[in-house]
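Trainee: quick check, what structure comes out for this input:
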Amino acid sequence: MIHWNGASYNSLSAFSAATGHETHGVTNRPNFLNPAAHDYYLSIGSALIDKGIAISGINDNWLGAAPDPGALEHGMQAQKISRDTNGIRIDWLVGVFGKYQLEFTTNITQSVWTSLRLPVIAESALLSLVDPTTTAIRRFYRLREVSP
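Mentor: Next comes the predicted model:
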């Protein structure tokens with residue numbers, strides 16, 4: 001599997017034990033969403049999701065149990081919901097360059113969702129979206145990842 005400095009190793013763990021290199025290495029296929037379209041997000045179910053290591057100042061805003069390897073983090077998570085003069089503001093942790101649709105419903109049991117705006121592409125790991133409503137009607141929100 002690995003040939004290094006004149007020695008051969010039949011597994012990544014044997015190579016790591018002998019050399020001290022690639023102690024966090026993995027041999028799984030990444031399973032990207034759509035490499036032909038240059039969409040290098042890990043697909044749902046990829047064996048590499050949460051297999052990275054935290055590096056302070058590099059991948060601080062990761063989601064799940066651990067960072068994902070590579071430049072693009074998989075997933076999304078609401079961080080803060082607040083009301084300001086523009087309406088209801090929701091801050092989400094998302095995968096950078098992902099395309100997202102904010103939706104709401106007033107009855108969670110019926111699960112009829114209404115889009116609030118056109119989908120947006122996240123330019124950073126923190127995506128702030130505003131529902132400009134001024135009504136006092138209770139709303140439930142979700143952020144849906146949409147195809148690029």
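Trainee: shouldn't D50 be within a strand?
Mentor: No: D50 is assigned coil when assessed by DSSP: H, G, I helix; E, B strand; the rest coil, not a strand.
Trainee: which residues touch it?
Mentor: 64-68 (CB atoms under 8 Å, 6 or more residues apart in numbering). From N, CA and C alone the C-beta is placed, and that goes for glycine too.
Trainee: go with 7 Å
Mentor: When the contact criterion is CB atoms under 7 Å, 6 or more residues apart in numbering, the partners of D50 are 64-66, 68.
Trainee: same question, I2
Mentor: Contact analysis of I2 by CB under 7 Å, 6+ apart lists 9, 15.
Trainee: and it, what pLDDT?
Mentor: I2 carries a pLDDT value of 92.
Trainee: low-confidence stretches in this structure?
Mentor: 134, 148 (pLDDT under 70).
Trainee: returning to what we had before: identify the farthest-apart pair in the contacts of D50.
Mentor: Largest separation among the contacts of D50 by CB to CB: A65 and D68, giving 10.3 Å.
Trainee: those two: who's more crowded?
Mentor: D68 (23 against 8; other CB atoms under 10 Å).
Trainee: gap between the more buried one and A125?
Mentor: Distance of D68 to A125, computed by CB to CB, to the nearest Å: 12 Å.
Trainee: among the contacts of D50, which one lies nearest to N34?
Mentor: D68 (16.6 Å).
Trainee: dump the residue contacts of the closest one.
Mentor: 42, 48-50, 52, 62, 74 are the contacts of D68 under CB under 7 Å, 6+ apart.
Trainee: distance check, A54 against D60.
Mentor: 8 Å.
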